[in-house]
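Undergrad: Sequence plus predicted model, see below.
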Amino acid sequence: MYAQATSIHEISHHASSVLCRQSRTYGPFGMVATPMRFARNSEIYGEDEAAEHLYQVVSGAVRTYKIMEDGRRQIGAFYLPGDIFGFEAGDSHIASAETVCETHLLMVKRSALIVRANQDCELTRQLWDAMALELRRFQEHLMLLISSAEQRVVAFLLDMSRRTTKNAAIELPMSRQDVADYLGLTIETVSRTLTQLEQNGVIALPTLRRIELRNDKLPSRVAQNLG
């Protein structure tokens, strides 16, 4: 599981200072977490493995996914800096998690957080908020999968815009194949939809990963649905 991860002692001085500074401010993990560094496309945990830890993204991005019976990959969620993941109702993970790009995480044992939460009401509230956010994103993703291809793509772009930047330009850490597997579409449909949106003046595509939104031209029905 951790063969491709790097412990805090192997991270450069600059990266270590960033991790320590962010760990003091990143919600419930505080200073009890262990900073870890994973290379691109590294597995963090696998489906059915024991769910002994929670994780928080410091930099980079993480995807969770399942391989379906027909061999297709369904991505369930993307986690970006500040996001917490690894929550499970049972004792094992129902999906696998791996990095999209080089990623720094904070890792903490679930048992240690439970002990602290029993003594710290603020920690309990923060964990509750994180679980509530996870549930809301899961529900929104389910609703997204019954929308049209254009609605799915636009909704995804709006979500990434809110979560990654304060302006109208998005630098996607994930590939178009990742986006397709998250939205339940083919990569051809995603690419074709992006091209159509660009031709309609809804977005600009300076590069494959950089997307500029024209918020005043976003389909109103999608923008209203996502608030």
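TA: That came through fine.
Undergrad: so where do the strands sit in the protein?
TA: Counting by DSSP state E, the chain has these strands, from start to end: 5-6, 34-38, 43-45, 53-59, 62-67, 73-79, 84-85, 96-99, 103-109, 169-171, 203-204, 210-213.
Undergrad: what would those strands look like in a markdown table with mean neighbour count and distance to residue 153?
TA: Just so you know, the C-beta spots here come from the backbone N, C-alpha and C atoms, and that holds for glycine as well. Conversion of the strands of the chain to a markdown table gives the following (neighbours: other CB atoms under 10 Å; distance: least, CB to CB, whole Å):
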| stretch | mean neighbour count | distance to residue 153 |
| --- | --- | --- |
| strand 5-6 | 18 | 33 |
| strand 34-38 | 21 | 28 |
| strand 43-45 | 22 | 27 |
| strand 53-59 | 21 | 23 |
| strand 62-67 | 19 | 17 |
| strand 73-79 | 19 | 14 |
| strand 84-85 | 22 | 24 |
| strand 96-99 | 21 | 23 |
| strand 103-109 | 22 | 25 |
| strand 169-171 | 16 | 12 |
| strand 203-204 | 18 | 9 |
| strand 210-213 | 17 | 10 |
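Undergrad: Ranking helices and strands of the chain by mean pLDDT, which lands last?
TA: Within the chain, no helix or strand scores below helix 13-23, which has a mean of 37 by mean pLDDT, DSSP states H and E.
Undergrad: residue closest to the middle of this structure?
TA: Relative to the mean C-alpha position of the chain, the nearest C-alpha, by CA atoms, centre = their mean, is the one of residue 79, at 1.4 Å.
Undergrad: Could you list which residues are in contact with it?
TA: 57, 61, 62, 63, 64, 85 (CB atoms under 8 Å, 6 or more residues apart in numbering).
Undergrad: Identify the residue spatially nearest to residue 187, adjacent ones excluded.
TA: Counting by CB to CB, 6 or more residues apart in numbering, residue 187 lies nearest to residue 180, which is 4.4 Å off, once chain neighbours are set aside.
Undergrad: how much space between that neighbour and residue 115?
TA: Distance, residue 180 to residue 115, using CB to CB, to the nearest Å: 42 Å.
Undergrad: Tell me which of those two has more neighbours.
TA: residue 180 (20 against 11; other CB atoms under 10 Å).
Undergrad: so the more buried one touches residue 186, yeah?
TA: Yes: using CB atoms under 8 Å, residue 180 is in contact with residue 186, at 5.9 Å.
Undergrad: Appreciated, that's everything.
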